[in-house]
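In: Quick check, what structure comes out for this input:
(2 chains)
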Amino acid sequence: MLTDTDPRVLAHINLFAVLGALPSLAEHAPEARTLLDRVDRPTAVRIRARGLPEHALTFTRDGVTEGAAGDRTVTLLLRSPAHLNAMVDGTAQPVPIAAPAGLRFLTQVFAPLADLLGRYLRPADEDLADPAFAETSAVLALHVAVAAIAQVANTDRSGRFSAGLIPDGQVALEVGDSLDLRLHARDHTLTFDPAPASSPARAVLAFRDLDVAGDVLAGRASALACLGDGSMAMRGFIPMIDNVSRILDRVGHYLGEQP
Amino acid sequence: MTATATTPYTYTRSREAFARAQRVIPAGIPGHQGPSEGCYIPQAAFPLFSERAEGSRFWDVDGNEYLDYMCGYGPNVLGYGDPVVDAAARRQAALEDVVTIPSTTMVDLAELLVDTVASADWAFFAKNGGDTTTLAVMTARAATRRKKVVFVKGYYHGVAPWTQKLDYPGVLEEDVAHNLSVPWNDLAALEALFQEHRGEIAAFISTPYMHGNFVDNELPADGYWQGVRRLCDEHGVVLIMDDVRAGWRLDLAGSDHHYGIQADLICFCKAIGNGYNLAALCGREPLKETVASLTYTGSYWMSAVPFAASIATITRLKELDAPALFRRRGTQLTEGLVEAATGHGLTLIASGEPALFYLRLADDDSLMLHQRWVAECVRRGVWFTSHHNHFLNASLTTYDITRTLEIADEAFAVVAAG
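Out: This is a model prediction of the structure:
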């Protein structure tokens, strides 16, 4: 167990897992549809932070997709991983490189979408009173957590140790009968694949429902206790589950509340 | 055992007890005897609490009966409630157990171990296997004044922080900073590691063969242990054999003896007292004074009842030539299981020593098929486990094996039917 965290790893999580949840936000949150209606033409946002791979997202009226494919490109420059982390925390601004229309896109679409994502990922109690909001919040939190597992597995020292013990194959994180999120392991590198599963997983960690998933991911419930009472289940090649669980614990060091 | 007990069991009382347990015990049943680490897959197929045990069987709190091939994860070596061992324990209990100064029964057992275990010139007693592996590593470090310890990949030597890994909660990086590892059966890798860290390595610690979980167990290659012994001698490294799991089932003189070497230190627990709580570190004369210099003790480590039980256990194991019995019974059982699987178009791999056989259905690499088969066996009264080696005990009869094969066959049929 490492007792410290690495800002570069957190930046990977923020760049690819947190901001990487924007496509899912567009898919699940009704408020996102209203914001995307403001998109006048497909726009790609490239996020470039020194020392990190670039991450690009394309925004259209239909949704948000990975990669840069728009007619218009907006670039957000960040001088360091710490600068990126501060941007996601809302305490710093990126340097935008864009024409005036691109700047309008940032203020009228991108920034409100990012704020909306933050509202779903750090929900207020009054928002959670709405069952639909609570469900979407849990789905997005699950997406972020699973995507963060891949980032930690590939970039964090403890995560790489755990990933070094994961053989090739797919790990499924299932919630009820509706969600099946996949991590692909190959040569001890993990990739989060948000696409619908197309082949059997080699190992499965199943949550009874979103409430259980939310409680475990937030650290409010112990995975071991949930496996004991049947609200979680595992099957398949258990060392994959065991090591993914260890990485998930490490994700909590980055995204959870500090002790 | 009922002749045709094929109705799958139910576990109402186990579940009720577990609900109580969860309120007052972290995880309900923590550790390897609980549903999570025990890999109860699916959890609903397994009972959670036992009520009584006798010979090769135990009964859960719902009254379901099991032929038990885990033997309490090893301690049950003669049979649950062995009358000879229990009588010896009762006699000692009538005299004393935990007292301010120890009973001479401790000396009697130490003398028996020195007479029985080939590499033992002395014995030091504790309670759990991990007590002895930790003492062994401390001894090696004290004797060599070196820090590093070499493990075999996939190792398990207990739960003390030094035995765990970098990514385990509650374990500090510093706890495992001096741990090195090599693949099993790889003398070249061991030699290279010894060369790379010449003068830094205190100990090489290993089980007598690779009986790790989730993988087929591997016996030592010809000459492997002799090569390890030679390298340890050349580099001044203490050779620690962790015989906690395999001890008293392969060779009463120690598993190092079984594979043709003498370890410097050898760790025993599990079967040493047929369930009476005891562990022992034995070793060779040159390390005796080093052990004597260590600060290492515990409140119950000199309780007399387990010493008396252990003397009776080891004496009985000798009378039975138990290792030979286990080899015969284990071979009969595993060959029957493999044949039964084949009859249903399935491929069962039985690996490791027959006394501690490991099973794997090899028809899918996810092991889900294997987990289903084990669950169907348990629900019909044969306690196998999915991903851990099994254990035999001397009370197991050929009738028990026949009945086991019947139930296993039925479980194979269920699995093969999809």
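In: wait, isn't A:Leu117 in contact with A:Leu22?
Out: Yes - counting by C-beta atoms under 8 Å, A:Leu117 touches A:Leu22, with 6.2 Å between them. Every C-beta, even on glycine, is put in place using the N, C-alpha and C of the backbone.
In: Can stretch B:359-371 be said to contact chain A?
Out: Yes - applying C-beta under 8 Å from any C-beta of the partner chain, one finds stretch B:359-371 touching chain A at B:Asp365, B:Ser366, B:Leu367, B:Met368, B:Gln371.
In: hmm, which of those are the buried ones?
Out: B:Ser366, B:Leu367, B:Met368, B:Gln371 (16 or more other C-beta atoms under 10 Å in any protein chain shown).
In: element containing A:Ala69?
Out: With elements delineated by DSSP states H and E, A:Ala69 resides in a region that no helix or strand encompasses.
In: Could you do the one 4 residues further on as well?
Out: Using DSSP H and E, A:Thr73 sits within strand A:72-78.
In: At the contact with chain A, which residues of chain B appear?
Out: B:18-19, B:22, B:26-30, B:34-36, B:39, B:41-44, B:165-173, B:214, B:365-368, B:371, B:386-387.
In: Sort out which residues of the strand holding A:Thr73 are buried, please.
Out: A:Arg72, A:Thr73, A:Val74, A:Thr75, A:Leu76, A:Leu78.
In: Now intersect the buried ones among the residues of stretch B:359-371 next to chain A with the helices, please.
Out: Judged by DSSP state H, the subset of those located in helices is B:Met368, B:Gln371.
In: could you dump the buried ones among the residues of stretch B:359-371 next to chain A to CSV with pLDDT and distance to A:Pro131?
Out: Output for those, formatted as CSV (pLDDT from 0 to 100; distance: C-beta to C-beta, whole Å):
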residue, pLDDT, distance to A:Pro131
B:Ser366, 95, 35
B:Leu367, 96, 38
B:Met368, 97, 34
B:Gln371, 98, 35
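In: Sketch out the low-pLDDT regions of chain B for me.
Out: B:1-5 (pLDDT under 70).
In: Give me the most central residue, it.
Out: Nearest to the geometric centre of chain B sits B:Arg245, at 2.5 Å (C-alpha atoms, centre = their mean).
In: for chain A, what spans make up the helices?
Out: Going by DSSP H, chain A shows helices at A:7-12, A:22-28, A:30-36, A:81-89, A:100-105, A:111-121, A:125-128, A:131-155, A:157-163, A:210-217, A:223-229, A:238-255.
In: which helices and strands does the last one pack with?
Out: Which is helix A:238-255. Packing contacts for helix A:238-255, counted by 3 or more C-beta pairs under 8 Å, 6 or more residues apart in numbering or on different chains; DSSP states H and E, involve helix A:131-155, helix A:157-163, strand A:169-175, strand A:203-207.
In: for the ones you listed, which one ends up most surrounded?
Out: Comparing the helices and strands packed on helix A:238-255 by mean neighbour count (mean count of other C-beta atoms under 10 Å in any protein chain shown), strand A:203-207 comes out on top with a mean of 24.
In: List the contacts of it.
Out: Strand A:203-207 is contacted from outside by A:169-176, A:213, A:216, A:226, A:231-238, A:240-241, A:244-245, B:366, using C-beta atoms under 8 Å, 6 or more residues apart in numbering or on different chains.
In: For A:Asp177, grab the count of nearby residues.
Out: Per other C-beta atoms under 10 Å in any protein chain shown, the neighbour tally for A:Asp177 reads 8.
In: go on, the one 3 residues further on?
Out: The burial metric for A:Asp180, expressed as a neighbour count using other C-beta under 10 Å, is 15.
In: Pull out the buried residues from the lowest-mean-pLDDT helix or strand in chain A.
Out: The weakest-scoring helix or strand in chain A, judged by mean pLDDT, DSSP states H and E, is helix A:223-229 (a mean of 83). If you call a residue buried by 16+ other C-beta under 10 Å, then helix A:223-229 has these buried ones: A:Ala223, A:Leu224, A:Ala225, A:Cys226, A:Leu227, A:Gly228, A:Asp229.
In: what helices or strands is it leaning on?
Out: helix A:210-217, strand A:232-236, helix B:12-24.
In: For the stretch 101-250 of chain A, which residues are neighbours of chain B?
Out: A:157-159, A:161-162, A:169, A:200-203, A:222-225, A:227-230, A:233-239, A:243, A:246-247, A:249-250.
In: Now with 7 Å, please.
Out: A:158, A:161-162, A:202-203, A:222, A:224-225, A:227-230, A:233-239, A:246, A:249-250 (C-beta under 7 Å from any C-beta of the partner chain).
In: Surely B:Asn274 touches B:Gly74?
Out: No - using C-beta atoms under 7 Å, B:Asn274 is not in contact with B:Gly74; the gap is 10.5 Å.
In: Give me the more crowded residue out of those two.
Out: Legend: neighbour count by other C-beta under 10 Å for B:Asn274 and B:Gly74, higher for B:Asn274 (33 against 24).
In: mind checking how far that one is from B:Thr398?
Out: According to C-beta to C-beta, to the nearest Å, B:Asn274 stands 22 Å off from B:Thr398.
In: And for A:Ala221?
Out: 48 Å.
In: The two - which one has more neighbours?
Out: A:Ala221 (18 against 11).
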